[in-house]
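[1] coordinates only, no sequence provided:
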C-alpha cells in the first residue's frame, strides 16, 4: 500500500509541477504573443473541464477493454458495444418521453437501457468466443461491423433518419460547497455525472482487479488459465464475467457519452461514437492494463483533443484539425516504440479447453 | 495403515479413440509415498488427472478413505483433500506468492468486497515454518521473480494451504538439480511424517527407488504391477516399464576422430528474459565423434543449441564450422555450410504440422538449387525426395500426402531425421532426438546417429537422458548453470559422478581424453 | 405522406429498376403529372438542417403542384454517382427533374449531366455549367450578416430570455462550421461583417470540425468559445449543429441555427435559439419544381437567391423570439431592405 | 519468442486446421445462416416501421417488409440487367484487391486490418501522381499508355509504403499489427484529408477533393453500361492479380516460406525462413495490392480523389475470410459481397429498406465464418439425431 501511495504521490507531484511550470511560462511570455495565448488556453479551467468531459467515453471503453483482456479475451468489438449502447439509450429515452415519462427519469432509464443492450451484445460475443471458440480478433471486428450497420439501420426504421432526434442531456451536477473551491471547484465539482462516475470508476476498477476475489480470478484467467482451472475455478465462467463487465463499462461509455454530452445519436459516417472505442483500446495499451493509468491515458488524449478546439481559435495558428484528432494514435505508437512494450496477458486470444 | 485412495477399474478413452487408461486398479496407503512409474505416454498423468477431477473416467470408480467420489472439477477433489503439483507449474507469473497461494481459496470479507490477505499471510508463515519452506520473505514478490526451486515449494505450500491430505507430484524433478530434488524428497518425509499421502509420478528409476514405499508400474495405459520399494531393483523396474530387457549399452565402433568441425569458444547466451543462461562455454566437436552434452534441463542446453544452430543470438564468444566463423550468419547460411539440426521440440520446430510430408520435406531446403526452378519450387523434385525419405527411413504410413500432424511421434521423428540426414551434413546437432518416441524408433535413431558418426560426421548430442548420452557419446560435457562443470570420458566416469557434476560439484576423475 | 410500399404493391414483386424512392408523396397520388427525384447531401435527412430544409421544400412543392416525388440519402461518396444514375435511367417513372443537394454532387454530375443529356437536373448550393443543369445558390452571407448584427447588439447589452443570457462585458461571438468550403465560409464572413458593423471591436471565434455529422466535436468547439467569452454562437455544421445548441443550453448562451427553422426542427433547444438563418433551400426547391411544372425550365442557368427573392430570411425563434427587443428586429428588417437595395455590400469570403 | 506471436498462432489454429472441404461448407453455411438472420432482421424492422399498407401479414401481425421480396429485389438489383451486373462487378473488382490485402498477410500469420488506410492513401497517391504526370505528357492514346500505369504504380507505391510501416513496427519494435494497422486507418483518413485540403484541393469546386484526373487516364466502361463505372479489362486485370497471388503462395519459394511462417512460426524459423523478410514482404505486398485497388477506384470509378470513400477495406476482410483466405475462393466470395453492395443500393432505392442492412449481413457472415466450431457442433447434433450423415469429427 505504501508503494501505491508513493506512486500516486509521484504522479500528483509531477502534475502539479507541470502546472506550475506552465504558470511560470505564462508569466514570462511576451504579452499578446501566440505563446501567451496558447498558455492561456492551457491554464483555463474551462479547458480542464473539457478534458474531463472528452475523456469520458474513451476512459470507459478502456476500462471495459481491460476487463475483457485481463481474462484473456481480445475485445476489438468495444467500438461496436459503444455504438449499440449509444443508439439504444436514445431510443429508450425517445420512447419513454413519448409515453410521458419525465425527462430526467427518461434519461436515467435510457442510460440503463443502453448499458443493458451493451451487456446483451457482450453476452452474445462471449458465447461466440467462449462456447463456440470463434477467432477473437475476427469476432470482435464482426461485432464492430454489425453495430456500424445495425445502429443506423434501426435509427432509419425508427426515426426515418440515420440521426436520432435530440433528447437532452443529464446536464451538470454542482456539488454544494466543494464547487466553491477556487479553480478545482468548477473543474472537479461542477461536472457531468458521467465525469464523476469516471473518476470513481478508475480507482474502483483498480481495486477490484487488485484486491477482490473476482479481480484475482480475472487476472489469473488471462495469464495462466490452467492455474485457475486447477484451483477449481471455472475459466469460462470467469471469462463470461469479464466480458459482461466489459459490456457494462462499454455501455456506460456509449450511453454516458450520448446522454451526458451529445443528447442524440448520429448514425452517419462512423456514427457519433466515431472511433472513441478504438481510442479506448489505445488508452489501455498506453496505460499497460492498469485502470488508473489507462484513464490517465484517456485524459491525456482528451487533452490533445480539447486543446485543438482552443488552438483553432488562436487566429495566428493554422491547426490541421484532422491531424490533431489522430495525434493520440501517433503518440501511442511512439510511446510503444521508445518506452517499451506493454505487458499483455500471456493467454490472451487463446481458447481454453477445460478438459483437454 | 488405512487405504487413502482406491482406484477401481479406471478406464479413460479420449475423443478420437485413444485409450489412455485401461482397467487400472490401485490402492494407496495413507502416510506413504507411492510412486507411479512409467514411460512417457504410459498413462500416469491421465490417471492422476482423473483422481484430481480434471478428467472424468470413461469407466471405473474412485474412492477416497473408502468413500466413493465423483469429482467433476478439481474443486471437488481439492475439497476432498486431493492436491496436485503439476510438471508445468500452475502459477500465475505476474501475481505475488500470496495471491497465487490463495487463488481460488481466498478468505473473503464484507461479502466478497475484500480479501483477508492478513489471514492468508499468517497461514503461509505458519506453513512455511512448520515444514521449513523458507518462503516467508517472498510473500509479496511476484512468482516470476523467484527461482524454479522456490516456485515448486510455493506449489507445495499452495496445495497445503488448500488443506490437501493427498499430494500428487507429476514429474517434479525434471526441472530441478539433483540437490534441489533431494530437498524435495526431504519435504516428502516431512509431509508423510505428518500423515500426508504422496503419489509421485516419475519415469526415473533411481528416484523411484530412493523415495518409494510402494511402486506401481504402468505401461501403455495398463497397470503392470505394484511392488514394495525396498524389494525391487532398477533392472526389474526397467523391464516392467518397457516390457523387455533394455539394451542400455549400444555396440559401437571405436572412435575415429578427425579434424575439428564445430568449434565454440567462450560462448555466452541470454534467454528471452535477458538472463544469462550460457556463460563462457568452450567446446569442439571433431569429425567422426559424438560429443554429448548432459545436464539437468534448464541449465543452458537449449540456449547453447539455439546459438549454435542460428536460432538465437549470442552475446559473446565465437562459433566456427570448419574454421570458418559463423557467429553472424543466419540460420539459412549455417544450413548451407552443412549443418543439420534435429530439435527436441519436434512438433513445434521440425515439422509444420498442417503441411503434408511433401511440403515438410523441403522445409529448410526450399532455397536450394536442387529444389528450385527460378522463383518457383520444383515440386516434382520435392515429391521424389519425399519418397526417398519415406523409403530410406521407414516412415509409416508411406504416404507423401499425409499431414505431418497425422503421424505418430516415432514416425514424425524418423521423417525429421531422414530429412536432416539426407541433406548430407558435415555437422549434426541433435537435441533430445528420442524424446517421446517408442523404443523401436529410438533404437533406429541411435543406429542412424552412430552410422553418421562412423561416416565421419561431427555430432553434437544434447539429451536429458543420461543413458542416451553415456551410451552414444565419445566425450561428455556436463552443463551446469550455463557452463561445463567438466568434460569427461563416458567409459571412465560413473553415473553418480555425472550426477554430482550435473549438480555443479567438482569430482576427482581422469580428465577427458582427446584434444579439447 | 403515402407510403412507398403502395408503389411497390402496384408494381408487384418482379420489379424493374427505377421504381424508386425512399418516400413518395404528392397531392396527385400515383398518377401525378410530374415526377420529381431528390438526392440529399451525405447522410440524408434527419440533420434538422440542410437536407431537412430541402425535404420541407419538396413537401411544400407537393402541396402546391401536381407532383409525386422520390428521394434518396447517400451514405458514401460513391452513392452520389449511383443514385444520379439510377434516377436518370429510370423510365417508370421518367423523372421530369432530379434535384441534387450540395456541393458533393458536382463531380459526379459533371459526367452524368452529359451522359443523360435529355434529363433535367437542378443543383442546389453549388454551380455547374451544363446546358441541362439549373443551379441554385444562396446569399447565405447576407442572412448571416443580419444575424451577426443582431448577435452583436444583443451581446453588447444585458439580455436574458429562455435558458440564456448575454455577457455585455466583452465583444466576442462564435461560429462553428462543418467542412471548410465556400458554402459554409460565407456564413462566417457574413456573421463577422454583421457583428463588426455594430462595433468594430467585435471578434468572431471560428472553428471548423471537418464534417457535417459530428455533434461531439461541434459541442467541444462551442464550449471552448463560450469559455473564451462568446455569448452568441452560429453554426454551419449540418447535423452536427445540435452539439452547438447543447453547449449553449448547458451554459446559458444563445445560438443561431442554420438552413431550417431550427427553433422548430430542434425544438428541444428552442429556449436558446434566437433565430435561424434560412438561406432559402426550401424556396429554391419549390422554385425549381415550379419552373418545370410551368414549362419554364431551360437549363444552363444559375440563380442566386438573395434578399427579396425568397432567398435568405432570418425567422426569429418561436420560443424566445418574442423577447428580443423590437428595435433589433426593426433594424434587421431595415438591414435586409438595405441589402436588397444594394446599399450594403456583404463579403462572402472570410 | 514474443508472447504476441504465440497467442496468434493459437488464434489461427482453429481456422487453419479445417480441411478445404470443411471450410467451403462452413462458408456456405455461414452465408445461409446470415441470410436467415437477415430475414429476422427484416421482419423485426418491418414490424416496427410504420407504413400505410403492410406487405405481409403473419398471424395477425403486420410487417411492412416482405423478406422474400427484399431478397428478390436484392438479386434483381445485383444481376437484373446490364447496369446492375456491371455495378456488381465494379464492387467485386475493387473488393478483390482489398480482400487480397487481407489474405496474403493472413497466410503469413498476420492480421492486416489496415487495407482501408492503404486503399485511401493509395487512391490519393494515384490521383496526385496521374495529375502531376499529366502536365508533361500529351493526351489521347499516348497519354493513356503512360498515365494508367503511372496511376497504378503510384497507388501501389504509396499503399505499399503504408503497408510496410506496420510491418516495420512489428519487426523492429514487436508492435502488434492488429493494433497498428487499425490505428493507421484513422491516421490515413486524417492525413489524406489534410494533404488534399492544403495542397491538392481543386479550387474550382467546393469540397475536399483533388482535380479531376485527365480523361486519358480514366478507365472508361467497356462492353458494359456507360454509366456503371465498370471496365471489363480492369476486371480481367483483377482476376490476373488474384491468379498471380495464388501462384505466389502455392508455387514460389517466397510463398512457401510465407505459408510456413503463418502455419507454424517456430518451424519456419527452424527451416531458415527469415521472419523479418516474410513480415515486411507480406505487409508491403498487401499494402501495394490495396493501393492498386485504391488507384482503380480513382481511375475507374470516381475520376478524382474525394473524402468519404466507401469502406472497401473492411469489406475486403469479410470477402477474404469468407473465402477461407484462399485466393481461389476470392472470386465467388467477392462476387457475393459485390452483389450485396449493389443489391443494398437497390433495396434502399426501391423498397426504402436502409442499405445498412448489408452492413449487418457482412458482419454476421464474418462472425459466423470465424466460428467453425458452431457448425461442427450443429453437425454433431444433427448427426446424432440421424438427420444427416456427415463426418463431423475434427482432425484433432
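    Okay, I see it. Since we're looking at a predicted model, the values are computed, not measured.
[2] C-alpha from now on. contacts and neighbour counts both.
    Noted.
[3] contact partners for the most far-flung residue of chain B relative to its centre?
    Here chain B reaches farthest from its C-alpha mean at residue B:110, the gap being 45.6 Å by Cα atoms, centre = their mean. If you count contacts by Cα atoms under 8 Å, 6 or more residues apart in numbering or on different chains, residue B:110 has none.
[4] could you do residue C:236 as well?
    Here residue C:236 is in contact with C:175, C:176, C:177, C:178, C:184, C:187, C:257, C:258 (criterion: Cα under 8 Å, 6+ apart).
[5] and the helix or strand harbouring the first one, how far from the chain's centre?
    When you say that, I think you mean residue C:175. Under the criterion DSSP states H and E, the helix or strand holding residue C:175 is strand C:172-177. In terms of Cα atoms, centre = their mean, to the nearest Å, the centre of strand C:172-177 is set 18 Å apart from its chain centre.
[6] ok, stretch B:467-486 next?
    16 Å.
[7] measure that stretch end to end?
    End-to-end distance of stretch B:467-486: 18 Å, with Cα to Cα, to the nearest Å as the criterion.
[8] buried residues of it, list them for me.
    Going by neighbour count (16 or more other Cα atoms under 10 Å in any protein chain shown), the buried part of stretch B:467-486 is B:468-486.
[9] quick one: mean pLDDT over it.
    What stretch B:467-486 shows for mean pLDDT is 87.
[10] again, but for stretch A:195-215
    94.
[11] same deal with stretch C:239-253?
    Mean predicted lDDT for stretch C:239-253 stands at 90.
[12] what of stretch B:82-99?
    For stretch B:82-99, mean pLDDT is 88.
[13] now find how far off-centre stretch D:120-132 is within its chain.
    Taking Cα atoms, centre = their mean, one finds stretch D:120-132 lying 20 Å from the centre of the chain it belongs to.
[14] so what touches that stretch?
    Identification of contacts with stretch D:120-132 by Cα under 8 Å, 6+ apart yields D:147-148, D:150-159, D:162, D:188-189, D:192, D:200, D:210-211, D:213-214, D:217, D:288, D:290-299, D:304-305, D:309.
[15] rewinding a little: and which of the contacts of residue C:236 is nearest to residue C:167?
    For those, the residue nearest residue C:167 by Cα to Cα is residue C:175; the value is 16.9 Å.
[16] now residue A:8, what are its backbone angles?
    Backbone geometry at residue A:8, expressed as degrees, to the nearest 10, gives phi -60, psi -40.
[17] for it, give its distance to residue A:201.
    Taken as Cα to Cα, the span from residue A:8 to residue A:201 is 16 Å.
[18] got the residue ranges for the helices in the stretch 101-250 of chain D?
    D:115-134, D:140-173, D:177-195, D:232-251 (DSSP state H, counting those that start in this stretch).
[19] contacts only, for the closest residue to chain D within the stretch 251-350 of chain C.
    Per Cα to the nearest Cα, residue C:349 is where the stretch 251-350 of chain C lies closest to chain D, at 13.2 Å. If a contact means Cα under 8 Å, 6+ apart, then residue C:349 has C:182, C:185, C:186, C:188, C:189 as its contacts.
[20] for it, give me the pLDDT.
    pLDDT, residue C:349: 82.
[21] near chain B, which residues of the stretch 151-300 of chain A are found?
    Contact residues, the stretch 151-300 of chain A versus chain B (Cα under 8 Å from any Cα of the partner chain): A:211-213, A:216-217, A:220, A:223-224, A:226-233.
[22] if we go to 6 Å?
    Residues of the stretch 151-300 of chain A lying close to chain B (Cα under 6 Å from any Cα of the partner chain) are A:212, A:220, A:224, A:227, A:230, A:231, A:232.
[23] neighbour-wise, which of those residues leads?
    residue A:220 (32 neighbours; other Cα atoms under 10 Å in any protein chain shown).
[24] and that one, what element?
    Using DSSP H and E, residue A:220 sits within helix A:213-223.
[25] so is whichever helix or strand comes after that helix next to chain D?
    Moving toward the C-terminus from helix A:213-223, the next helix or strand (DSSP H and E) is helix A:225-230. No: using Cα under 6 Å from any Cα, helix A:225-230 never reaches chain D; the gap is at least 13.5 Å.
[26] direction-wise, compare the helix or strand following helix A:225-230 with helix A:213-223 and give the angle.
    Later in the chain than helix A:225-230, the nearest helix or strand by DSSP H and E is helix A:235-257. Angle, helix A:235-257 to helix A:213-223, by axes from the mean of the first three to the mean of the last three Cα atoms, to 10 degrees: 110 degrees.
[27] can I get the helices of the stretch 101-250 of chain D in JSON lines with mean neighbour count and mean pLDDT?
    JSON lines is the format used below for the helices of the stretch 101-250 of chain D (neighbours: other Cα atoms under 10 Å in any protein chain shown; pLDDT from 0 to 100):
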{"stretch": "helix D:115-134", "mean neighbour count": "30", "mean pLDDT": "95"}
{"stretch": "helix D:140-173", "mean neighbour count": "22", "mean pLDDT": "93"}
{"stretch": "helix D:177-195", "mean neighbour count": "22", "mean pLDDT": "90"}
{"stretch": "helix D:232-251", "mean neighbour count": "17", "mean pLDDT": "94"}
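[28] how close does residue A:98 get to chain B?
    Per Cα to the nearest Cα, to the nearest Å, residue A:98 is found 40 Å from chain B.
[29] how deep is that residue tucked in, by neighbour count?
    11.
[30] repeat that for the one 10 residues further on.
    Taking other Cα under 10 Å as the criterion, the count of residues near residue A:108 is 19.
[31] element containing it, please.
    Per DSSP H and E, residue A:108 falls inside helix A:103-126.
[32] show the average pLDDT along that helix.
    95.
[33] buried residues in it?
    A:103, A:106-123, A:125-126.
[34] what is the nearest of the contacts of residue C:236 to residue B:11?
    The shortest approach to residue B:11 among the contacts of residue C:236 belongs to residue C:178, at 72.5 Å (Cα to Cα).
[35] enumerate every residue touching that closest one.
    Counting by Cα atoms under 6 Å, 6 or more residues apart in numbering or on different chains, residue C:178 touches C:208, C:209, C:210, C:211, C:212, C:236, C:237.
[36] cool, residue C:47 as well?
    Counting by Cα under 6 Å, 6+ apart, residue C:47 has contacts C:238, C:239.
[37] can we see that at 7 Å?
    A:163, C:238, C:239 (Cα atoms under 7 Å, 6 or more residues apart in numbering or on different chains).
[38] same question, residue B:348
    D:266, D:267.
[39] next, it: phi, psi?
    phi -80, psi -40.
[40] and it, what's its pLDDT?
    Looking at residue B:348, its pLDDT stands at 85.
[41] what does the one 4 residues further on give?
    As summarised for this prediction, residue B:352 has a pLDDT of 91.
[42] got the residues of the stretch 101-250 of chain A near chain C?
    A:161, A:162, A:163, A:166, A:171 (Cα under 7 Å from any Cα of the partner chain).
[43] closest one of those residues to chain B?
    Using Cα to the nearest Cα, these come closest to chain B at residue A:171, 31.8 Å.
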